[in-house]
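Participant: Here is my input, please return the structure:
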Amino acid sequence: MFRIAKQYHFSASHILPQLPADHPCARMHGHNYVVEVELQSETLNYAGFVRDYRELDALKNYIDDTLDHRHLNDVLGDDGTSAESLAKHFYDWCKAHWAEVAAVRVSETPRSWAEYRP
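Facilitator: Predicted structure coming up:
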């Protein structure tokens, strides 16, 4: 199995309103997110790639146009802003564009991440 991955970065704020009021993440706060998309294939295409990395620029454009420097609750709703929910959101978006998508990982801090892999 061949695997490739590419990272993207964006900054945004969010609130996790489901948490108790005294939880720090129940207050508005922000992160410098890292999104990593992983693609896999048993074969390579005509150019010897799983997929040309340049084709993945569509994800960068989506992130820049839709999520970067935004309040994620306004864009994705109150139930869609945990790292886990974001990983699933990005996975679904990527899978609609590239059949080879295997997983998406979202990091809010350098020491924590969430991954969606069906």
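Participant: Give me the pLDDT for the closest residue to Ala58 other than its chain neighbours.
Facilitator: Closest residue in space to Ala58, ignoring its immediate chain neighbours: His97 at 6.0 Å, by CB to CB, 6 or more residues apart in numbering. C-betas here are computed from N, CA, C, even on glycine. For His97, the model assigns a pLDDT of 98.
Participant: contacting residues around the lengthiest helix in the chain?
Facilitator: Ordering each helix of the chain by length in residues (DSSP state H) puts helix 83-97 first. Outside helix 83-97, the residues that touch it by CB atoms under 8 Å, 6 or more residues apart in numbering are 33, 35, 37, 58-59, 62, 72, 76, 79-80, 101, 103-108, 112-118.
Participant: after it, next one along is what?
Facilitator: strand 101-109 (DSSP states H and E).
Participant: if we can go back for a sec, centre of the chain versus the longest helix of the chain, how much separation?
Facilitator: 6 Å (CA atoms, centre = their mean, to the nearest Å).
Participant: now the helices for the protein?
Facilitator: Along the chain, the segments classed as helices by DSSP H run 57-62, 72-76, 83-97.
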